Structure formats: C-alpha cells, structure tokens
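Q: I would like the atomic coordinates for the input below:
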Amino acid sequence: MSGDKPWLRLEKVSLTLAGHRVLHNISLDIPRGQTLAIIGESGCGKTVLLKTLIALMQPSEGKVLFDGRDMNDLPPDLLQKQRLRIGFLFQGAALFDSMTVFENIAFGLAAHGRHSEEEIRARVAQRLQEVGLNSAVLEKKPAELSGGMRKRIGLARALILNPEVMLYDEPTTGLDPIMTDVINQLILQTRKAHPVTSIVVTHEMKTVHRVADRVVLLHPLARLKSLEPQILFDGTPAELEACPDERVGQFIRGEARERLIELAMQENGES
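A: As a prediction, the model looks like this:
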C-alpha cells in the first residue's frame, strides 16, 4: 500500500437518522496495523461510525474507503468480499442462540462451503484456543455461558476468516474488572498474532490505555458550538491525558457536574 493511500478513510462523512444528524463532516485516516480507540459520551455516534465503516449504514454525505475502494459504491458481490476482510465483535457478542458454540464459531467458514469438516474443526479449535477456552464448551448453547465467555466466543467467530480489520463495539461492557482485563489482553494478543488493524469503541479508559495506539473522542452534535468539529481530540493516549479542552478532561475523569447543570436547565426550560 502506498503511503498516500490510507487503509481506512472517512471523507467528510455525515449521517442522519430519522431526521436527527448523528455524524457530521467526519474525516479520518486509519493506517494499516494501527489500533484506534473511539471514545465519547453515549449517543455521540460511536457505534454508528463502526457500522458505517462496513456499509451496514450508509452515510448521508461523504465517502467510506477501505483499501482505496468506496464501500458504498460497490456492487453487492464485491461489497460482500470486502466485508469478509473485516471482523466485527458486536456489543452483546450477537451469537446465534439456537446454535452451539461450535456452530457459532464455524458459521463463516461453513457458509462459504469451501472447507472440509476436518478443516473447519481444526480452525475452530485454533481460534477457541486463542481466546483461552477449551473444547468442553463446543456443544454448549450461548445461554449456558457467562458474559465473558460469550464475548470470547464472539471474538473467535470474528477471527475465523482471518480478517485484516477487527472492529470491537464496547468489548468490555457489562464485564467485571478481571474479565475486562482478559478481553483487553485478547485484543492485544490478536494484534500480535495476526497483522490486523483494530478499531475499538469503548467507554473504558483502562481499555484505551491498555490497547490503543491512537484515540479519537467524538462529541454529541447537540452539545457542540456552531462550526465546531465533532472530533474533539485525535492523538495518543498520553496526549489525551494532557488535552487542554475541559470537555475532554471531564469525560476521561468521569466528571458529570457540567452535564448535570445542563440537564437541570433543560428540565427548567432554559436555553
């Protein structure tokens, strides 16, 4: 890949849902091999941004480019091929409840019909081992697993097709501190074991400092000043701690005072 062609690029992307603008004029270049954390308040468009990257949602304006190709300008067959290069760990793991763990992990390979049963079983066993689980779980259903185990199974399923890009949507939400650290370590291990570009949407600052090379902080559009960019911060985790923007500092410190004042004003009908 040439130096002037980013691996992933958003060009002035805006997206409106039900008359409500969620993303506005987002431009972002993500080089190959980088681990990018996307942070920000609930409702600022983080998950929407992930879904836009793989054309599950189409921008109202702008372009999304992956390896130089506009994702929203591809015919269905080529779009599907591009998507197969991207793994997605959904917020709730999104496992198929009626399928066993084995069937969930093997789903992508089985759907292709290009692999023998022996090859599929070997690949499933490898991915299961990579996420720290053993064959005892293969015949279980998702309802029989803990939240942390479901996340790990979801990761194994996302990795089964050897993706070049991994998208993680709130990978540690609802997990205890120990399991959160387990998932963070698995994200690191995945990057080391496979030449993968990673984008992690998270609220957890521990995850940011543990796994990210770069951090982007989005802000809700309704709370921005006129003509102010939606990306309030773009830099390293170390630079994030020193950012002079008080809104950034309040977010990373978890301080709600300003938001509580705003909410009280809204309840009282003040502007």
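
Q: those helices in the stretch 151-271 of the chain, which residues are they?
A: 177-193, 205-211, 237-241, 246-253, 257-267 (DSSP state H, counting those that start in this stretch).

Q: Map the structural domains onto the sequence of the protein.
A: Per automatic domain parsing, the structural domains of the chain span 1-85+168-190+197-271, 94-162.

Q: Out of the helices of the stretch 151-271 of the chain, flag the one nearest Gln230.
A: helix 246-253 (12.1 Å; C-beta to C-beta). Yep, even glycine has a C-beta here, placed from its N, CA and C like the rest.

Q: Which neighbouring elements make contact with that closest one?
A: Applying 3 or more C-beta pairs under 8 Å, 6 or more residues apart in numbering; DSSP states H and E, one finds that helix 246-253 contacts strand 231-235, helix 237-241, helix 257-267.

Q: And it, how far out from the chain middle?
A: 21 Å (C-alpha atoms, centre = their mean, to the nearest Å).

Q: The residue nearest to the spatial centre of the chain: what's it in contact with?
A: The residue lying closest to the centre of the chain (C-alpha atoms, centre = their mean) is Tyr168, at 3.1 Å. Tyr168 makes contact with 89, 187, 198-202, according to C-beta atoms under 8 Å, 6 or more residues apart in numbering.

Q: what pLDDT does Glu228 get?
A: With respect to pLDDT, Glu228 has a value of 90.

Q: What of Met265?
A: 53.

Q: on that earlier part again, take the contacts of Tyr168 and keep only those in strands.
A: Assigned to strands by DSSP state E, the following of the contacts of Tyr168 qualify: 89, 198-201.

Q: Okay, the residue nearest to the centre of the chain and Lys46: tell me how far apart.
A: 11 Å (C-beta to C-beta, to the nearest Å).

Q: so what sits against both of those two?
A: Between them, Tyr168 and Lys46 share the contacting residues Val201, judged by C-beta under 8 Å, 6+ apart.

Q: surely Gly148 meets Ile183?
A: Yes: assessed by C-beta atoms under 8 Å, Gly148 is found in contact with Ile183 at 7.3 Å.

Q: out of the two, which sits in the busier spot?
A: Comparing Gly148 with Ile183 by other C-beta atoms under 10 Å, the one with more neighbours is Ile183, at 24 against 19.

Q: I figured that one hits Glu170, correct?
A: No: checked against C-beta under 8 Å, the pair Ile183 and Glu170 is beyond contact range at 10.4 Å.

Q: just to revisit the earlier point, considering the contacts of Tyr168, which possesses the most neighbours?
A: Busiest of these [other C-beta under 10 Å] is Val200, holding 28 neighbours.

Q: List the single closest residue to it in space, sequence neighbours excluded.
A: Closest residue in space to Val200, ignoring its immediate chain neighbours: Tyr168 at 4.4 Å, by C-beta to C-beta, 6 or more residues apart in numbering.

Q: so where's the chain uncertain?
A: Across the chain, the ranges flagged by pLDDT under 70 are 1-5, 113, 256-271.

Q: Which stretches in it count as strands?
A: Ranges of strands within the chain are 8-17, 20-30, 35-39, 61-66, 69-70, 86-89, 165-169, 197-201, 214-218, 231-235, based on DSSP E.

Q: could you dump these to JSON lines with distance to Phe96?
A: Formatted as JSON lines, those follow (distance: least, C-beta to C-beta, whole Å):
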{"stretch": "strand 8-17", "distance to Phe96": "27"}
{"stretch": "strand 20-30", "distance to Phe96": "28"}
{"stretch": "strand 35-39", "distance to Phe96": "27"}
{"stretch": "strand 61-66", "distance to Phe96": "26"}
{"stretch": "strand 69-70", "distance to Phe96": "30"}
{"stretch": "strand 86-89", "distance to Phe96": "14"}
{"stretch": "strand 165-169", "distance to Phe96": "17"}
{"stretch": "strand 197-201", "distance to Phe96": "22"}
{"stretch": "strand 214-218", "distance to Phe96": "31"}
{"stretch": "strand 231-235", "distance to Phe96": "35"}
